[in-house]
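Engineer: Test case, fold it:
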Amino acid sequence: IPILGRLVNEYQELSLPSTQGSMVTITPEQEKLSLFNSIASLLRVLSEENPLFLVFEDLQWADTPSLELFHYLTRNLVHPSGHLSEPQQSTKVFFAGTYHDEEINESNPLRQVRQSLLQLRNSQFLQLGRLNLEDVEGMIRSMLGIPEPPKRLVERIFLETEGIPLFVREIVKGLAEEEILIRKSGDWHLELKDQSVTTVVRFGEDVTYESTQLLHIPGNIKTILEKRLLRLDEEDLRVLRTAAVIGKVFSFDILQRVTELTEDQLLDSIDRLLKVQVILEKPSLQEDIYEFYHLKLKDILLETLHKRRLLRLHLKIAEAMESYYHQRLSDHYTALAYHYSQAKVPEKAWEYLEKAGDQALSAYDNEASLGAYHEAIDLCQVLYDAQKLEPQIMARLQGKAGRIAFRMGKFSQAEEAFILMMEVAQDQDMLVENAEALFRLGEVNLAGNNFQRAEAWFLKALDLYESLGDRKGYASSLQKLGELSRIQS
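Structural biologist: Just a heads-up that it's a prediction; the model follows:
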């Protein structure tokens, strides 16, 4: 306003008759309105020559007088289609105001101004969407003034920000402020620190995936998100913390069962959380699904939970999922395994992990299947060592992991799994499982061209299958030995 005031004074001196010597006194409010009207008159005159496009940035930080001016001008210089106090004549003035919603608390005067302007038919509220990878690259290019920022750097920033423009800006600014992103002799460099070692990486081919993993992302995003959470009351925070334990994506029905709120209570809370943009609604045909605005919101909330409360919430979530999804549990094996594992209930977690592995295998997702089996084995190992797990289960899981690894060509992993299967079987005198492990070890070494070791394993399997009276196993072992003989001859 002070700058505009000086411009208006100059305009008034050139175009208005002097009032010097007048005895008329005006109040401060009248003086302010006179100033606003003079600014509007000046802009109206300027717009007669050329259309004006006026941008007011960061309105969330504007003081009350500046917001009042913005409000006055937009209502008195717009095309006369608003239904409140229409201006006397049309003008060629377009106003755009930008602000960060997360910076507006209940007492911010911009709230009232925004509400008033939205009542005008010729005003429009636009919420910026998230940027894609190419848009993030363009934003970084513009901020740094370079033709082509390193692809790996763009990908890392896109991953951290999830395409939110404000966060992209804050990360790039933060990297510069912390002298991680520096300019030397007109060129941009990254100074990457790994413990006590500092590596200077020039923009270009030197920026690799490995180098960007050393990149320390400043905490600006976390600060912004924490401010957004400060606007919530304790009840909404409790709901949000529970949702964070469920995951980045959560359903209304599971959340209601765990929070034990009535449907109306939870709906009111969800409406408030949607309004302040800490969660978003996801399209779904089966149930009401929501997700966190940014993954770091979930992480911030989890940091505030005591370990014991976290365990209890994971258990309640797992039990709620079993109850609610009892007719379609297969859609949630992985989530159930995760929550029971986090709740320190390995007896239930490994069962769901095995089912998740079987399910992934039937969908030909070998990588996911092997991962699930390995997680199940890790949980079962603790139970097995404490003699709280039947050895047949341990051998079965090792066998499944070994067969998948063998199918994927990961022979060393397969051999390790079958050796562990054999050791469990021999320790517990489980002859059938032992015979299978011996045969599988022969297959792995045959595929890896370790013919002598393969022959030794097949011979052991042959003897054991013969003692068991297993004709099929005996015949398979003979067939493999014959195959070995042909290869070696």
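Engineer: Is it correct that Leu431 is in contact with Leu464?
Structural biologist: Yes. With contacts counted by CB atoms under 8 Å, Leu431 reaches Leu464, the gap being 6.5 Å. Placement of C-beta: from N, CA and C, glycine included.
Engineer: So which of the two has more stuff around it?
Structural biologist: The neighbour comparison of Leu431 against Leu464 (other CB atoms under 10 Å) goes to Leu464, with 21 against 15.
Engineer: Contacts only, for the more buried one.
Structural biologist: Leu464 makes contact with Leu431, Asn434, Ala435, Leu438, according to CB atoms under 8 Å, 6 or more residues apart in numbering.
Engineer: what's the answer for Arg440, then?
Structural biologist: Counting by CB under 8 Å, 6+ apart, Arg440 has contacts Gly399, Gly402, Arg403, Phe406, Ala414, Phe418, Met421.
Engineer: okay, now the residue lying closest to the second one once chain neighbours are set aside: neighbour count?
Structural biologist: Read it as Gly402. Leaving aside its sequence neighbours, Gly402 sits nearest to Ala417 (CB to CB, 6 or more residues apart in numbering; 3.4 Å). Residues near Ala417, counting by other CB under 10 Å, number 29.
Engineer: and Ala417, how far is that from Thr27?
Structural biologist: To Thr27, Ala417 is 87 Å away according to CB to CB, to the nearest Å.
Engineer: one step back: pLDDT score assigned to the residue nearest to Gly402?
Structural biologist: pLDDT for Ala417: 97.
Engineer: Wait, it touches Arg396, no?
Structural biologist: No. Using CB under 8 Å, Ala417 is not in contact with Arg396, being 11.4 Å away.
Engineer: Would you map the strands across the stretch 201-350 of the chain?
Structural biologist: Taking DSSP state E, counting those that start in this stretch as the test, the strands found in the stretch 201-350 of the chain are 249-251, 279-282, 289-292.
Engineer: Adding mean neighbour count, mean pLDDT and distance to Phe53 as columns, could you present the ones you listed in CSV?
Structural biologist: Formatted as CSV, the strands of the stretch 201-350 of the chain follow (neighbours: other CB atoms under 10 Å; pLDDT from 0 to 100; distance: least, CB to CB, whole Å):
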stretch, mean neighbour count, mean pLDDT, distance to Phe53
strand 249-251, 20, 95, 40
strand 279-282, 15, 90, 31
strand 289-292, 20, 93, 36
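Engineer: Turn these into TSV, including distance to Ile180.
Structural biologist: Converted to TSV, the strands of the stretch 201-350 of the chain look like this (distance: least, CB to CB, whole Å):
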stretch	distance to Ile180
strand 249-251	32
strand 279-282	31
strand 289-292	27
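Engineer: Out of those strands, which is closest to Lys92?
Structural biologist: Of all those, strand 279-282 sits nearest to Lys92, with 37.7 Å by CB to CB.
Engineer: since we're on the residue nearest to His100 when sequence neighbours are not counted, how many residues are nearby?
Structural biologist: In this structure, His100 finds its nearest non-sequential neighbour in Gln60, 5.4 Å apart by CB to CB, 6+ apart. By the criterion of other CB under 10 Å, Gln60 has 18 neighbours.
Engineer: Confirm that Gln60 sits in a helix.
Structural biologist: Yes. The assignment for Gln60 by DSSP: H, G, I helix; E, B strand; the rest coil puts it in a helix.
Engineer: just checking, it touches Leu110?
Structural biologist: Yes. Taking contacts as CB under 8 Å, Gln60 lies within contact range of Leu110: 5.9 Å.
Engineer: what's the pLDDT at Lys193?
Structural biologist: pLDDT, read off for Lys193, is 59.
Engineer: if we can go back for a sec, please report the distance of the residue nearest to Gly402 from Glu354.
Structural biologist: Distance from Ala417 to Glu354, by CB to CB: 14 Å.
Engineer: Can you say which of the strands of the stretch 201-350 of the chain is nearest to Pro150?
Structural biologist: Of the strands of the stretch 201-350 of the chain, nearest to Pro150 by CB to CB is strand 289-292, at 28.9 Å.
Engineer: The closest one pairs with which strands, parallel or anti?
Structural biologist: Partner strands and pairing direction for strand 289-292 (DSSP bridges) are strand 249-251 (antiparallel), strand 279-282 (antiparallel).
Engineer: looking at the ones you listed, which is closest to Leu133?
Structural biologist: Among the strands paired with strand 289-292, strand 279-282 comes nearest to Leu133, with 19.8 Å by CB to CB.
Engineer: Can you show me the strands along the stretch 51-200 of the chain?
Structural biologist: Using DSSP E, counting those that start in this stretch, strands in the stretch 51-200 of the chain cover 52-56, 93-97, 181-184, 187-194, 197-202.
Engineer: correct me, but Pro149 touches Ile140?
Structural biologist: Yes. Using CB under 8 Å, Pro149 is in contact with Ile140, at 4.6 Å.
Engineer: still on that earlier bit, what's the PyMOL syntax to select whichever of the contacts of Leu464 are buried?
Structural biologist: The PyMOL command for the buried members of the contacts of Leu464 (criterion: 16 or more other CB atoms under 10 Å) is given here:
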select buried, resi 434+435+438
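Engineer: Tell me the one of the contacts of Leu464 nearest Ser362?
Structural biologist: Checking these one by one against Ser362 (CB to CB), the nearest turns out to be Ala435, at 26.1 Å.
Engineer: Specify the local secondary structure of that closest one.
Structural biologist: helix.
Engineer: With adjacent residues omitted, what lies nearest to it?
Structural biologist: Nearest residue to Ala435, sequence neighbours excluded (CB to CB, 6+ apart): Leu464, at 4.3 Å.
Engineer: if I look at the one you found, how far off is Asn434?
Structural biologist: For Leu464 relative to Asn434 (CB to CB), the value is 6 Å.
Engineer: do Leu420 as well
Structural biologist: Counting by CB to CB, the gap from Leu420 to Asn434 is 12 Å.
Engineer: go on, Val382?
Structural biologist: 23 Å.
Engineer: Ok, Gln479 next?
Structural biologist: Shown here: Gln479 relative to Asn434, a distance of 20 Å by CB to CB.
Engineer: my guess is Leu67 contacts Leu59, does it?
Structural biologist: Yes. The criterion here is CB under 8 Å, and Leu67 meets it with Leu59 at 6.9 Å.
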